[in-house]
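Participant: take this sequence and fold it.
(2 chains)
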Amino acid sequence: QSALTQPPSASASPGQSVTISCTGTSSDIGIYNYVSWYQQHPGKAPKLMIYEVNKRPSGVPDRFSGSKSGSTASLTVSGLQAEDEADYYCISYAGSNIGVFGTGTKVTVL
Amino acid sequence: QVQLVQSGAEVKKPGASVKVSCKASGYTFTDYYLHWVRQAPGQGLEWMGWINPNSGATSYARKFQGRVTMTRDASITTAYMEVSRLTYDDTAVYFCARDGERAYVYWFFDVWGRGTLVTVSS
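Facilitator: Numbering: from 1, shown residues only, chains lettered A, B, ... in the order given. Predicted coordinates:
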C-alpha cells in the first residue's frame, strides 16, 4: 500500500487560510470516510485535529476543517496563527484492516 | 486522565530484537484498540498495525508482517510491540496510539504516547 500523497509544503500569512490536500485512490479515500488529520510540532507526538473526514474533536479550534471529494481529502486552516506552524499528516483506512498515512506537509506561517 | 506511557529509549545491534511497551491508564484498557506508528528521523509517520486489547487479535501493515509482533497483558493494562531482525532502517521513534472509538477500529487516534526512540547501531 503506497503512502497517500500530500504536498511537501504550504504557507500563508497570519490570518489567511491554507488548504492541504491528501490524495489517495479508489481503494482508500475514494470509498472510506475514515480519514483523519494530525498536527505534529517538532519533537512532539502527533495531535488529532480532524476525524472521519470532517469531524472536529473537542478542544480543536473551529479554524480547522476537513472535507473530501472523490479520492482527495483536504484540511483547511482558516485565520492562520503562528502556533499552527507544524507538520500535518492524513491517514485513511485502506481496506483489509490496513491504514496508510500521507507523506506529510510542512505548514509555514509567513 | 487518559494516558499512554511508553518505555524508554533503546539501542540495539543489527539483527537483534526490541520490545517496546505502552502502559494505558485512565480508561478501560480492553475497550479501545491500540495502534503502533513509527517515524524515522526527519521522515513521516508510518502505520505499523493494531491490536485489540480485549481479544489479542492483530493486524499488521504488509511490510511488517513476519517481523513485528504486537501483544498485550490486560492484567497490567500494557501493550507491547516487538520488532525482530532489526536493520539500520528501523531506527525510529515508535508511538502507541489509542483508537478513538470503543470496540471498533475507526482509524483515528485520540491519545498518543510520547514515543520511544529505538536506535539500531553496531
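
Participant: chain B contacts on chain A?
Facilitator: A:1, A:3, A:32, A:34-36, A:38, A:40, A:45-48, A:51-52, A:57, A:87, A:89, A:91-93, A:97-104 (CB under 8 Å from any CB of the partner chain). Yep, even glycine has a C-beta here, placed from its N, CA and C like the rest.

Participant: where does chain B have low pLDDT?
Facilitator: By pLDDT under 70, chain B contains no weakly predicted segment.

Participant: show me the strands in it, by range?
Facilitator: In chain B, the strands defined using DSSP state E lie at B:3-6, B:10-12, B:18-25, B:34-39, B:45-51, B:58-60, B:68-73, B:78-83, B:92-99, B:109-112, B:116-120.

Participant: hmm, A:Gly66 is touching A:Ile50, no?
Facilitator: Yes - assessed by CB atoms under 8 Å, A:Gly66 is found in contact with A:Ile50 at 3.8 Å.

Participant: compare neighbour counts for those two and give me the winner.
Facilitator: Set A:Gly66 next to A:Ile50 and count neighbours by other CB atoms under 10 Å in any protein chain shown: A:Ile50 wins out with 26 against 22.

Participant: what about stretch B:79-98, how long is it end to end?
Facilitator: 11 Å (CA to CA, to the nearest Å).

Participant: before we move on, back to that, joint contacts of A:Gly66 and A:Ile50?
Facilitator: Both A:Gly66 and A:Ile50 are in contact with A:Val35, A:Trp37, A:Arg56, A:Leu75, where contact means CB atoms under 8 Å, 6 or more residues apart in numbering or on different chains.

Participant: okay then, goodbye and thanks.
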